[in-house]
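1. here is my input; please provide its structure:
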Amino acid sequence: MTPLALETTGLRKAYGETVALDGVDLSVAKGSVFALLGPNGAGKTTAVQILSTLIRADGGEVRVDGHDVARDPGAVRDVIGVTGQSVAVDGILTGRENLELMADLWHLDPAEGERATDEMLERFELVDAADKPVATYSGGMRRRLDLAMTLMGRPRIVFLDEPTTGLDPRSRRTVWRIVRDLVDDGVTIFLTTHYLEEADELADRIAVLHHGRIIAEGTPDELKRLVPGGRVRLHLTDAAELARAVSAVPAGVPDLDALTLDLPGDGGTASLRSLLDQLDEAGVKVERLSIDTPDLDDVFFALTGDQEYEEAAS
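-> Numbering: from 1, shown residues only. The predicted structure is shown next:
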């Protein structure tokens with residue numbers, strides 16, 4: 001079995017009458033990206049706070065890198081890094097000074113701290129701005145610096161809580177590249193995000209949290225298969241070809257104006273090969289075909305009935 005970076009069993013947390021987490025079970029493999037999705041109030045940030053030792057759970061068991069969070073929080077803190085929704089950098093200091101401050105907090109010796117600072121400035125493309133006050137940085141630069149500071153302690157597990165909220169598309173993709181580089185280095189990423197495209201792009205596995213419970217979990221492709229409605233669209237050259245296609249596969253829905261025939265299908269290789277063989281036997285010449293399958297927006301809405309993600313990302 002793949003070693004686990006973190007695991008929760010029956011995780012519970014309530015604030016008065018409000019139940020934030022109601023028996024959450026999670027398993028995250030080492031060296032992977034795990035995304036936790038859910039609308040505001042679902043319990044995502046509460047989960048991150050418990051996993052990163054910032055607050056205590058009311059019940060259940062939590063292990064991070066083999067350490068029990070409740071019994072040995074110090075050992076957990078030694079192996080994790082946390083980047084929250086708000087960028088935690090000092091605007092008065094320069095980028096270099098912010099990183100040097102983190103080196104001191106991690107008790108790195110001066111030579112090691114200098115090496116780590118130079119490495120982070122290079123890695124996060126901040127060399128040219130290293131000696132400028134952070135107050136002059138753009139939002140994307142601040143987020144990169146925030147991530148760099150998180151990594152100064154060489155964490156094996158990094159919690160990213162809404163890491164790209166408010167960033168422009170270019171800065172968001174820069175963060176994605178950094179995340180992929182970290183995973184290539186063997187770091188485990190626990191990600192919460194409002195951007196479903198982000199989870200689809202980065203995550204090896206995704207869990208959907210709703211009203212404090214996990215209501216679905218799997219790879220992005222596995223979750224997409226939970227939602228029916230996949231479609232294969234055949235594009236024909238003329239009305240005669242369309243008529244032949246309708247005769248060959250009468251389950252399709254034709255559009256005479258567009259010269260297309262829509263058929264239910266998930267775009268799988270086997271089903272496409274069978275369809276094309278069927279059309280070929282009938283002498284139908286298909287100009288091209290396109291595949292339209294459910295995305296994570298469809299999955300999220302189907303599971304929760306909540307359109308918040310679409311609104312947040314728009």
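2. C-alpha only now, for contacts and for neighbours.
-> Noted.
3. and the closest residue to Leu121 other than its chain neighbours, how far from Thr53?
-> Taking C-alpha to C-alpha, 6 or more residues apart in numbering as the measure, Leu121 lies nearest to Val127, with 5.1 Å between them; neighbours along the chain are not counted. Shown here: Val127 relative to Thr53, a distance of 33 Å by C-alpha to C-alpha, to the nearest Å.
4. so for those two, which residue has more residues nearby?
-> Set Val127 next to Thr53 and count neighbours by other C-alpha atoms under 10 Å: Thr53 wins out with 19 against 15.
5. who's in contact with that one?
-> 69-70, 73, 76-77 (C-alpha atoms under 8 Å, 6 or more residues apart in numbering).
6. now do the strands in the stretch 1-150 of the chain.
-> Ranges of strands within the stretch 1-150 of the chain are 4-15, 18-29, 33-37, 59-64, 67-68, 80-83, based on DSSP state E, counting those that start in this stretch.
7. direction included, what does the second one pair up with?
-> Using DSSP bridges, strand 18-29 pairs in its sheet with strand 4-15 (antiparallel).
8. do the same with the fourth one
-> Within its sheet, and counting by DSSP bridges, strand 59-64 is paired with strand 4-15 (antiparallel), strand 67-68 (antiparallel).
9. tell me the contacts of the spatially most central residue of the chain?
-> When the chain is reduced to its mean C-alpha position, the nearest residue by C-alpha atoms, centre = their mean turns out to be Ala199, at 2.7 Å. Residues in contact with Ala199, defined by C-alpha under 8 Å, 6+ apart, are 35, 193, 206.
10. so who does the residue lying closest to the second one once chain neighbours are set aside touch?
-> What that stands for is Thr193. If you skip the residues right next to it in sequence, Thr193 has Glu162 as its closest partner in space, 4.6 Å away by C-alpha to C-alpha, 6+ apart. Applying C-alpha under 8 Å, 6+ apart, one finds that Glu162 lies in contact with 84-85, 191-194.
11. rerun that using 6 Å as the cut-off
-> 85, 192-193 (C-alpha atoms under 6 Å, 6 or more residues apart in numbering).
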